[in-house]
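1. got a structure for you, letters missing:
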């Protein structure tokens, strides 16, 4: 992840990598400090458009990304080894496993339930959920090259907007 990315841009990168549509609120939690852009938030939020990944990495080895407060997705983001720029600073996926959960599936418990129903063709909700998630959905599938292709498209689009 390029250190110059803002937390708002990191949010977009995570949405791209997860295959989600940015349909819900999000925030970053760095220690006890919250960053985001949520109207009427009951507390202080720092600006995620001016704080960069490097800013956060200097103060924390790990921080949280929270998305879709109804579903309750929480991601632990760990600051790892600092590498030389890959692809001229393009966000890059080095490894992964399994498919990303579909957006609005009910968080981790909902995704677990979805997997149980999809694995059982006799389940009364099987056909409905296959129709919802798509017959091509394979929970075991992960394609690092496809993910990196999406991240490169995101990055090109972002660089164009900045110009």
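-> Ah, there it is. From a predicted model like this one, the values you see are computed outputs, not experimental measurements.

2. Have a look at this protein and report its longest helix.
-> Longest helix in the chain by number of residues, with DSSP state H as the criterion: helix 144-162.

3. for that helix, packing partners?
-> Of the remaining helices and strands, those touching helix 144-162 by 3 or more Cβ pairs under 8 Å, 6 or more residues apart in numbering; DSSP states H and E are helix 7-18. (C-beta placed from N, C-alpha, C; glycine too.)

4. Identify the residues contacting the helix it packs on?
-> 1, 5, 21-22, 26, 28, 35, 37, 48-49, 51-53, 56, 65, 67, 75, 91, 93, 100-101, 147, 150-151, 154, 158 (Cβ atoms under 8 Å, 6 or more residues apart in numbering).

5. can you do 6 Å?
-> 22, 26, 28, 35, 48-49, 51, 53, 91, 100, 147, 150-151, 154 (Cβ atoms under 6 Å, 6 or more residues apart in numbering).

6. what angle sits between it and helix 144-162?
-> Following axes from the mean of the first three to the mean of the last three Cα atoms, to 10 degrees, one obtains 150 degrees for the angle between helix 7-18 and helix 144-162.

7. Can you give the distance from helix 7-18 to the centre of its chain?
-> 5 Å (Cα atoms, centre = their mean, to the nearest Å).
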